[in-house]
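**Student:** Model the following, please.
(chains A and B)
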Amino acid sequence: MVKEEQELANRPDNTAFTQQRLPAWQPMLSAGIVIPGFVLIGLAFIGIGVALFVTSRSIQVLELDYTGVGQNSPCYKCTYPNVSNCVCDLDFSIDSLFKGTVFFYYGLSNYFQNFRKYGVSKDDVQLSGDLTNFKSPSDTCSPYVYDSNNQPIVPCGSIANSMFNDTFQLFQKINGTKTLVPFDGKGIAWWTDYNIKYRNPSVTPLKNAFNSTVKPIFWSKPAYDLDISDPANNGFINQNFLVWMRRAALPNFRKLYGRIDEGVYAQGLPAGNYSLAIAYNYPVLSFDGRKKVVFSNVSWMGGKNEFLGIAYLVIGSLCILMSIVMLIVYAKFKFPEED
Amino acid sequence: MARESEEPGMAKASKVKRQRKKKPKENKTRTVHANLLYDNAKGEENPNRNYANNKIKTTKYTVLSFLPKNLFEQFHRFANVYFVFIALLNFVPVVNAFQPELALAPVVFILSVTAIKDLWEDYRRHRSDQEINHMDCLVYNRAERRYTERYWKEVRVGDFIRLRCNEILPADVLLLSSSDPDRLCHIETATLDGETNLKQRQVVRSFFDLDCDFDPLKYNGIIECEKPNNDLNRFRGYIIHRSGRRDALYKENLLLRGCTIRNTEEAVGIVIYAGHETKAMLNNNGPRYKRSKLERQMNVDVFWCVIILLVMCLFAAVGHGLWMFQYGDKRPVFDVLSPEGTDLSPIMSAIYLFLTMIIVFQVLIPISLFVSIEIVKICQVYFIHQDMDLYDEETDSHLQCRALNITEDLGQMQYIFSDKTGTLTENKMVFRRCTVAGVEYSHDANARRLAMYQEMDSEEEDCTSHGGTLPRRDSVTSHQSARVVLRSQSTKSHRRTGSRAEAKRASILSKHTAFSSPMEKDITPDPQLLDKVNECSSQMDFMRFHNQPMSQLPSDLADIIDFFIALTICNTVVVSSPNQPRQKVRMRFELKSPVKTIEDFIKRFTPSRLTSGSNSSSSSSLITNRSSNRGCSSLLSSPSAESTLTKLDEEQSPQGMEHSFGPVPPCYNGNAWNLEDGELRYEAESPDEAALVYAARAYKCSLVGRLPDQVTVELPHLGKLSFELLHTLCFDSTRKRMSVVVRHPLTDQITVYTKGADSAIMDLIRPPDTGSSKGKRQKKIVSRTQNYLNLYAADGLRTLCIAKKILSKEQYACWLQRHLQAETAIQGREELLFDSALRLETNLQLLGATGIEDRLQDGVPETIASLRKAGLQIWVLTGDKQETAVNIAYACKLLDPEEEILTLNADSQEACALLLEESLHYIQAKFLCSSTDQAAKAFHSNFAPFEIYPSSSPSSSSHTTPFTVLQLGLVIDGRTLAYALDKSLEDKFLAVARSCRSVLCCRSTPLQKSMVVKLVRNKLKVMTLAIGDGANDVSMIQVADVGVGISGQEGMQAVMASDFALPRFRYLQKLLLVHGHWCYSRLANMILYFFYKNAMFVALIFWYQFYCGFSGSAMIDQWYLIFFNLMFSAFPQLITGTLDKDVSAETLQQLPQLYVNGQNSEEYKPYMFWMNMIDAFYQSLVCFFIPYFAYADSDVDLFTWGTPITTLALLTILVHLGIETKTWTWMNWLSIAFSTALFFTVALCYNASCPTCYTPSNPYWTMQRLLQDPLFYLLCVITPVAALLPRYFYRACQGTLFPTPVQVGRQLDKLPTETRRNILSLRRVKAGSALSPKPPFLSLSKPSPKGCNKKDLRSFPSSETSQGPALQMDEQGQRSPLGPADSNKGPLDLYAIVPTEKDTLPYTKDTPKLPEEPRPPSTKDSECLGKTLEASDVSLSGWITSTPLLSQTGSVQLNLPPAGDSQCVKYTRNSDQRLKSDHSIHPAQRTEQGAEQSLHTTL
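**Tutor:** Alright, predicted model coming up:
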């Protein structure tokens, strides 16, 4: 016996694997499986779609463009050349209560934050508070590494340089008096950005760290002075700076500016007349951009977006339609032949 | 004494060396000196120093050279260069898209995978090199004066080596001494050429007479020989002795590296070639590299991908330019200036962007595709290797894939070219019957015995009988039947212990003997012949006893005994005894060498010996002669060959050599043998030799010993007779015969026995002088033998003719002189020897003929039937004669009795052209009446050599053969084939051949075989497979797309040349139908999937360019982008590509029609690439825009938006693979789960690892946040569904409503085995019609085509029946039984019927005349037409009306010899499937030479 086995040294192993006989499931695309399958998927999708659609419908959104293109636009005056520190008031009214926490966004259109070279133009090491990169920022920041006097720019790079610098104040107009609606600017950036990714250098006061550096060319204030009211919101961990540094995916985007969740406005923005005072600084008309502000409340699935619900409904209906088509074709072609 | 002789030798040698040094180095030869002479002067002085030493190094790399060399090799692949270029492009700051280091990752990965693979292979080679280099051998050491152990690698050219039994030769060694008394050395060359029989090698002649041990110190020769070359069968050179004498060296003197010494205790030789210069190493080529059809097709699509890539890049570049342009001078804040702070013009940025896009989109060119394909192919090869069904237990061998990269070609074959002998047949030659002196001995009992084996085979292996060629079973004597019963019992008991398989294993595994299963060995003799042999030998014994001359023996008895002697000795069979395997039987009556020198001849044949006493035995005189030559010191002091020749001349003239040799008593020693002949084993070079020797042994005429100079034969009553073997003229394929020259011990005549193909022998028969009665008898024998030969051939037997010739002493001397000149010639020796042989083999006397059966291998008809069902065209190319080939073809179901057969035999180019023309017309007629009018119209409009027959079936597209294959068989012989392969006719020939269902080329040479394959391959653009087993198939195997070798009995040459080596022919079925199909469909699907996957992934980024100002920005993190192909999506497709089975093996084999799938490339058609591309673009649109709209107008950041897209793409791609996967094993599930898990794990780790690294994307915590977002999950559900909905819907609709054959097969697989079997058996017919590519379109049994046939044949005036007098014969009862009495009459009757044959008797050379000047065929055509119109009409109608009666018989005669004497072949098959034929082929063949001769004379 042993000898025999030795003789047949070349005999292949007789296992299910080597003989390609592994037990296998063979999904068969037969009508009996496919048609009910399509119907089931369709029904499930329609269910989800309806839920999503309803949820999305409940979200309230108010968008106001303030670029100032039209003559009638309140911010038109600010679009003149050589106008500085222009403030315009944008009046609007809300018909019904904005429920829950209202998020306040600013939006830009036709603004390509996803431009490839623009996206590269930053120095992550510098932004994480490394002082050596204060003195000699990374080359990736070009062309905003050094200013004309060869002083290093901090924060360097195109993204930081182009930071959005319009500011907003919202007033509720009740009987002619303006009541400030406070924006809560805390925690609008990612927690990880604020706490881990971006760090100020551990120098106190912060201003000293920026010695022998210059502010970005487009900035009016240096980085350590971004928020005069809150010293902790300065430098690289300024919330608006963090929000800006997170590049938008698409050319039309909005960025969170603040939440309205304080005092009487914690339950929402009541109906009424409002006025938004805008410090109009950021030029967009040169590249045909648009600026807007957005008030919105959110649901469990985020902001208002009816698309997903509709998509589920469409795909679900398509599935059911296909199953019907197949059933008809099947009945027409297959059954007589089977007989 | 020894010392003294050494000194001058050394001096002289060194002088010679010095002289040589002055000369310019000769290029043609190599000079080898003994190293011993130069031991003191190491290095510089040694003349052998320039030759390679014996250290072998097969590794490609060294430690240092590995990296550069390997990289250099890898960069030969264009794709690698491309990817390196892209990676380097990334280092240019202006255009870079990714982190440069990261961009290098994929190409480095790919290169390093290949490099590691190469390194591993090289390491294995290194290991085996080391092992081989450190083997031991004995090398003579001058200092110690003995042989010392050295490593192989230390052996140098010029060393003396002592070899012991069973040692492996370390280098190519010239044999100088052997312990064997015959100065022989036996070697086994199995490792070299796989032939298991022993080969004899001889000591160099100068050292032949050396009786004491060879002393290397005394050696003083200089060897001049060829430069190293790889021809195993060639070695030429000479040795120059100190005396100045030259001795020629032959391949018989050379022992080749790698062979094993057998049967020889000790041998000494000098190393001639060492290490890499040995013939074995020079023959060792690496694996073959072929590119498969699929890969060629794939490369086209890779090219398309490049185009798509460039278009996409160009589009993006233009878009970017325009986008930049629209801003004009106002640069937006998000635009970034160049590092210098200046603006880039839109055009410049467009150009830069173009390059950037190439980097970003590089994934479109599937970098990992090539590596993946290689991995999958290796796995496929592994599975093919492992298949139990392709494993032959008898030989313990399994299929070998020698070419690793063309597995998928197996699934796309369209034409199979097969050898016959050894491929379709077993190459086990079984003696069946013989004709001696014109009398046929039918060997019925033997036939029954063979039938018994066959039955048992079919019992055991459950396959049906091979049919066709079984002999008659009547007229059995009681004596025979008793024997048969006895034998059957013994074989049955044998069978119980393991049967034929056991026997074969015993014979092959133990390697005792080649070609000798009991079936071949145990031959039951024909009683009649046995009686005659007994009678004859007793008479001879009596005559010898009474000292009567042997010539008084009746000539028929003399012929019989001569016949058997010829069978016994006219071969190169070596005798060994089985008890001591491979131990040669050492029986020696006398010491004689074959006549190899003139002096030898003089010694043996000078009158002095005759005068010394006519009664003294030749042996004694020779022994004395020899003894005078003995003595160790006397080293070759004999005069040179030239002087001997003159001496011979001198001696010849006075004495005239006219004395006849007196009768010499035979060397007879009855007691010397203690072995019974039954225990002897015969080792033959070819199986038919062994068969004949065994056959002769059955008649008690057995070969008992063979030495280089003598053959010993044991005859009944006479006992042992020793034939002095003067010459052996070996078989060669040009002469097609072999001869031995012996001195007959009884008559002392010099006799030539010749054995060869009938065509070769019959032409050499001495024309009988018709006057004498002897001459008449001769004539009768020849004609009868010819008839029997035809009958044998018709029975599918291989025929051999045996002839003899008696030489007078003068004739012999005359011939010998020139022969010796030829033998000693250095230049053109082969040609001279060939001429010499031709001079000898003339005027032969025919003794008889043998018929040997070559049995069909198991399962050949079934395999051919199912391969044919699979849509494969099978052509058989054989060197056999036409009748044999046709019969084997019927037996293996290659030709069908229902088929009509076109036989093309032509004598000239014009005739061949005419024949082909007619065949075309005939096929056309047949086509016209069997197809619809529409097709006929198309036929007319498309009339061109290659588009004659447009396909009428929709399934065969333009890609496949557009020809309709008719129920026709084409038989063509070698000569006609040569004409047909001419440039002017090849198109026509192909047009004819491709419309035939099967083609049979007989009498074709190896070159013709390869030409046919090449022609079909190149002209028809089809995939060809050549299968063969012998050296004559090598060229065909190499030319074909896939070469398959049968590792059978004829050595390994075919296997060495092949891509796949099979143990048996029938395995071809599973190899092609199952593995081929699987490999093809797996790879095709995988490649398409690859293209889809990459396109789909890259398109995502492309769509994004519309939203980022065409800036080359990507929302997919660069890590994902680069590792997507390499890691995340790599494994599932590999698993599917390796394991997926679209249809189960059983169904594939039961429904061979499914193979058409691969033939038509249905899994991967060009449009499928584009369909996949479109689907990929659609899916990417879905994967892009669903997230786009879902996140539109939100505060989502770039990578929080891009990561879901990546995830969705991955999921979609995986589910897509799931749809395409047909069988889900746990490995598929695992791989998909693994891929998904890997992606998320990598993403989570990556996104958590370093907050500030990975600029610019910097995706810290992105995935973690996404996983908390319900929107992400909602997207993950809807997107893959939406993306795959169309594909799934299409698959579902098509699979349920309009299933392809493969899908039907898959549905069958799902059914329970029982139901499936029932359905298959029911479906067989239905499936045939539903699934087969060519609907059965012409059935001969239908009456309508017949009638149509008739009409159309008439309407085509040049159709074959109107050409010349056609021969219509009712063959019923025509063929006579083969009983001796009837058989005399039968064939003669047949001859009588053929009217035109009367004056062209086959063996007369003068009758057929070639036309003096070639007539234009057209005039002849019309002439014949006019003459025979009436007759043909009659015969035609007669034939047509007679066909239904003959139960589906088709017969077409196409013979057009130019002289007008028609030779017709008509095959008629009756119901019991026996072929009855009337042969008049032979005249045509016979007349060839005559015609040539007459041509020569007229010129």
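
**Student:** For residue 297, what are phi and psi?
**Tutor:** Just going to use chain A. Note on A:Asn297: its backbone torsions stand at phi -100, psi 170 [degrees, to the nearest 10].

**Student:** For it, which residues are in contact?
**Tutor:** A:Ile59, A:Gln60, A:Phe98, A:Lys99, A:Gly100, A:Thr101, A:Val102, A:Phe103, A:Gly268 (Cβ atoms under 8 Å, 6 or more residues apart in numbering or on different chains). Backbone N, C-alpha and C define where each C-beta goes, glycine included.

**Student:** Try it again at 7 Å.
**Tutor:** Under the criterion of Cβ atoms under 7 Å, 6 or more residues apart in numbering or on different chains, the contact partners of A:Asn297 comprise A:Ile59, A:Gln60, A:Phe98, A:Lys99, A:Gly100, A:Thr101, A:Val102, A:Phe103.

**Student:** Pick out whichever of those residues sits closest to chain B.
**Tutor:** Using Cβ to the nearest Cβ, A:Phe103 is the member of those that sits closest to chain B, with 8.8 Å.

**Student:** Pretty sure the closest one sits against A:Gly302.
**Tutor:** No: here A:Phe103 lies out of contact with A:Gly302, judged by Cβ atoms under 7 Å, at a distance of 10.3 Å.

**Student:** which regions of chain A lie under the pLDDT threshold?
**Tutor:** Low-confidence regions of chain A, defined by pLDDT under 70, span residues A:1-9, A:334-339.

**Student:** Where do the helices of it begin and end?
**Tutor:** Taking DSSP state H, the helices of chain A run over residues A:2-7, A:31-57, A:116-120, A:124-127, A:132-135, A:158-161, A:191-192, A:206-209, A:239-245, A:306-329, A:335-338.

**Student:** Dump the ones you listed to a markdown table, plus mean neighbour count and distance to chain B.
**Tutor:** Supplementary listing: these in a markdown table, determined by neighbours: other Cβ atoms under 10 Å in any protein chain shown; distance: least, Cβ to the nearest Cβ, whole Å:
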| stretch | mean neighbour count | distance to chain B |
| --- | --- | --- |
| helix A:2-7 | 9 | 6 |
| helix A:31-57 | 17 | 4 |
| helix A:116-120 | 24 | 4 |
| helix A:124-127 | 24 | 4 |
| helix A:132-135 | 16 | 10 |
| helix A:158-161 | 26 | 5 |
| helix A:191-192 | 14 | 4 |
| helix A:206-209 | 16 | 17 |
| helix A:239-245 | 22 | 8 |
| helix A:306-329 | 18 | 4 |
| helix A:335-338 | 8 | 10 |
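
**Student:** looking at the ones you listed, which is closest to B:Pro346?
**Tutor:** Nearest to B:Pro346 among these is helix A:116-120 (14.1 Å), distances taken as Cβ to Cβ.

**Student:** centre of the chain versus that closest one, how much separation?
**Tutor:** In terms of Cα atoms, centre = their mean, to the nearest Å, the centre of helix A:116-120 is found 17 Å from the chain centre.

**Student:** Can you tell me what sits against it?
**Tutor:** Residues contacting helix A:116-120 (Cβ under 7 Å, 6+ apart): A:Thr140, A:Ser158, A:Ile159, A:Arg247, B:Phe334, B:Val336, B:Cys1108, B:Ser1111, B:Gly1112, B:Ser1113, B:Pro1256.

**Student:** circling back to that earlier point, most neighbours out of the contacts of A:Asn297, which is it?
**Tutor:** A:Val102 (26 neighbours; other Cβ atoms under 10 Å in any protein chain shown).

**Student:** residues contacting the nearest residue to that one once chain neighbours are set aside?
**Tutor:** In space, not counting the residues next to it along the chain, A:Val102 is nearest to A:Ile260; the distance is 4.3 Å by Cβ to Cβ, 6 or more residues apart in numbering or on different chains. Contacts for A:Ile260 (Cβ under 7 Å, 6+ apart) come out as A:Thr101, A:Val102, A:Phe104, A:Val181, A:Phe183, A:Leu269.

**Student:** who's in contact with the fifth one?
**Tutor:** Meaning A:Phe183. Counting by Cβ under 7 Å, 6+ apart, A:Phe183 makes contact with A:Phe104, A:Leu170, A:Tyr257, A:Gly258, A:Arg259, A:Ile260.

**Student:** Ok, the second one next?
**Tutor:** Going by Cβ under 7 Å, 6+ apart, A:Val102 touches A:Ile260, A:Gly268, A:Leu269, A:Phe295, A:Asn297.

**Student:** ditto for the first one
**Tutor:** Going by Cβ under 7 Å, 6+ apart, A:Thr101 touches A:Arg259, A:Ile260, A:Asp261, A:Asn297.

**Student:** try it again with 10 Å
**Tutor:** A:Thr101 makes contact with A:184, A:259-262, A:265-269, A:296-298, according to Cβ atoms under 10 Å, 6 or more residues apart in numbering or on different chains.

**Student:** Put the buried members of those residues into a PyMOL selection.
**Tutor:** Only the buried members of those enter the following PyMOL selection, criterion being 16 or more other Cβ atoms under 10 Å in any protein chain shown:
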select buried, chain A and resi 184+259+260+261+265+268+269+296+297
